[in-house]
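Undergrad: Kindly generate the corresponding structure for this input.
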Amino acid sequence: MRIFFALSALVFSASAFADGQAKLNEFIRSVEFFQADFTQAVYDASGAEPQRSVGKLSIARPGKFRWELKTPYKQVLVSDGREVKVYDADLEQMTVRPAQSALKNTPISLLMGQSDLNADFVVSNLGEQNGFDWVQLKPKRADSDFERVAIAFKGNTPVVMDLKDTLGQSTQVSFRNLKTSKHNTGIYRFSPPSGVDVVYQN
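TA: Next up is the predicted model:
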């Protein structure tokens, strides 16, 4: 499942080029808890009408996150730091994978502070646009399933993420109602309803 806004070609002021990366580093360094409602739009390479969904993202460092789609269908991705569980209500199925392999070099791992930015990505400041400071990251691994992710900051808080995958698909995620206060970490423990098929993957 894609967790992330295709960035158009923009001309930026050179004077702002330091801001995006500095704000990403500060967010990773200082924020332990993060929650936000999100709107997601997925665009394929044909330019057809995007698939839209809404949900909520929660993060608690180290290693915990919950990505919950609420409409148009229900799906939960949750990690307690050891495993990543993906529950699909319509399919009545849950898959379970080790967190280390499932999250390595992924966009969500950036917000979780679990990627080594300089070792794993080529980082570029994109400057200021429409009041946001942008930073772009391109994975160094040739087998990554995404080409680049761009993150927009308002102040020191991420408000937009933009992912382009290797198939030409773009995913736009906009965050709102952001909170960085401590929250109940019990939400990162998840058990599916009775009768759900559970599939374990290495």
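
Undergrad: hang on, residue 122 is in a strand, isn't it?
TA: Yes: with DSSP: H, G, I helix; E, B strand; the rest coil as the criterion, residue 122 is located in a strand.

Undergrad: List the contacts of the residue at the greatest distance from the centre of the chain.
TA: Most distant residue from the mean C-alpha position of the chain: residue 195, 29.8 Å away (Cα atoms, centre = their mean). By Cβ atoms under 8 Å, 6 or more residues apart in numbering, the residues touching residue 195 are residue 92. (C-beta placed from N, C-alpha, C; glycine too.)

Undergrad: for the top helix by length along the chain, what is the average pLDDT?
TA: Using DSSP state H to assign secondary structure, the helix with the most residues in the chain is helix 19-30. Across helix 19-30, the average pLDDT comes to 87.

Undergrad: cool, stretch 84-93 as well?
TA: In the prediction, stretch 84-93 has an average pLDDT of 95.

Undergrad: Same question for stretch 43-53.
TA: 84.

Undergrad: And that stretch, what's buried?
TA: Across stretch 43-53, burial judged by 16 or more other Cβ atoms under 10 Å covers 43, 50, 53.

Undergrad: tell me which of the residues you listed is nearest to residue 117?
TA: Closest approach to residue 117 among those (Cβ to Cβ): residue 43, at 26.3 Å.

Undergrad: Am I right that the closest one is in contact with residue 171?
TA: Yes: assessed by Cβ atoms under 8 Å, residue 43 is found in contact with residue 171 at 7.5 Å.

Undergrad: how about residue 108, secondary structure?
TA: Residue 108 - assigned by three-state DSSP - is helix.

Undergrad: Can you tell me how far it is from residue 193?
TA: Going from residue 108 to residue 193 by Cβ to Cβ, to the nearest Å gives 25 Å.

Undergrad: Neighbour count: those two, which is higher?
TA: residue 108 (21 against 9; other Cβ atoms under 10 Å).

Undergrad: That one against residue 63, yeah?
TA: No: taking contacts as Cβ under 8 Å, residue 108 lies outside contact range of residue 63: 11.2 Å.

Undergrad: Please identify the helix or strand for the closest residue to residue 24 other than its chain neighbours.
TA: The spatial neighbour of residue 24 that comes closest, neighbours along the chain excluded (Cβ to Cβ, 6 or more residues apart in numbering), is residue 135 at 5.1 Å. Residue 135 is part of strand 132-139 when elements are defined by DSSP states H and E.
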